[in-house]
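In: Next input, structure requested:
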Amino acid sequence: MATVFAGHVSAQTTKIVSGSTKFSVKFILGTCNGTFDAPRGEAVFNEKNPENASFDVKIAAGTFKTNNNSRDKDLKGDKYFWVEKYPDIHFKSSKVEKKGDKYQATGTLTMRDVSKTVALPFDAKKNADGSYSLTSSFDINRLDYKIGEKDWKLKDIVTVNLQATIK
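Out: Numbering: from 1, shown residues only. Take a look at the predicted model:
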């Protein structure tokens with residue numbers, strides 16, 4: 001009688017259990033800071049095998065807040081995020097690798113009806129309970145994704161700060 005043993009896989013699919021998404025963009029009167037609801041989705045990550053990691057993350061486009069109701073209403077419309085037609089901002093990785101003391105997730109970022117390959121740097125810290133805290137800060141050009149139009153009052157580059165705890 002033969003016995004087959006299955007090996008234990010150290011990286012497993014996990015859920016994002018908490019997080020935050022913040023952004024900032026400069027405009028003629030200063031800097032507009034805002035937030036989206038926490039990212040949601042699934043992740044596979046283990047710092048010992050980053051090449052086996054993967055991310056499938058969504059952010060609800062209509063959840064942003066900039067502390068200006070009029071501006072928030074405009075941003076939800078078809079000139080900017082068009083949240084009625086495109087409710088999610090989506091990132092799906094195709095490759096994850098270690099880069100020095102950090103990591104980089106390469107994949108497809110989709111906003112509105114535009115998908116582009118991007119490389120997002122991130123830090124990963126293993127917590128005492130076995131969960132991971134992941135943080136990423138990156139810049140995107142809003143015009144690449146049809147978020148608004150060229151405007152001398154508003155810069156094109158948006159800085160995004162993403163934090164997620166996966167377990």
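
In: Is Asp74 located within a helix, as I assumed?
Out: Yes - assessed with DSSP: H, G, I helix; E, B strand; the rest coil, Asp74 lies in a helix.

In: which residues does the nearest residue to Glu47 once chain neighbours are set aside form a beta bridge with?
Out: Among residues not flanking Glu47 along the chain, Ala124 sits closest, at 5.8 Å (Cβ to Cβ, 6 or more residues apart in numbering). Where you see a C-beta, it was placed from the backbone N, CA and C, and this is true even at glycine. Note on Ala124: beta-bridge partners by DSSP bridges are Leu134.

In: tell me which residues form a beta bridge with Thr110?
Out: His90, Ser115.

In: Would you agree it is in contact with His90?
Out: Yes - between Thr110 and His90 there is a contact under Cβ atoms under 8 Å: 4.6 Å.

In: Run through the residues that contact the residue nearest to Glu47.
Out: Contact analysis of Ala124 by Cβ atoms under 8 Å, 6 or more residues apart in numbering lists Phe45, Glu47, Tyr103, Tyr132, Ser133, Leu134.

In: Of the residues you listed, just the buried ones, ChimeraX syntax please.
Out: To isolate the buried ones among the contacts of Ala124 in ChimeraX, judged by 16 or more other Cβ atoms under 10 Å, type:
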select :45,103,132,134
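
In: I'd like the contacts of Ala124 as CSV, with distance to Val160 and pLDDT appended.
Out: Converted to CSV, these look like this (distance: Cβ to Cβ, whole Å; pLDDT from 0 to 100):
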residue, distance to Val160, pLDDT
Phe45, 19, 89
Glu47, 23, 87
Tyr103, 17, 96
Tyr132, 19, 92
Ser133, 17, 93
Leu134, 14, 94
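
In: Just name the closest of the contacts of Ala124 to Thr165, please.
Out: Ser133 (5.3 Å; Cβ to Cβ).

In: Would you mind measuring from the closest one to Lys99?
Out: 18 Å (Cβ to Cβ, to the nearest Å).

In: and the helix or strand where Gly107 lies, what does it pack onto?
Out: Under the criterion of DSSP states H and E, Gly107 resides in strand 102-111. For strand 102-111, the contact count by 3 or more Cβ pairs under 8 Å, 6 or more residues apart in numbering; DSSP states H and E identifies strand 88-99, strand 114-126 as packing neighbours.

In: tell me the angle of it relative to strand 114-126?
Out: Here strand 102-111 runs at an angle of 150 degrees relative to strand 114-126 (axes from the mean of the first three to the mean of the last three Cα atoms, to 10 degrees).
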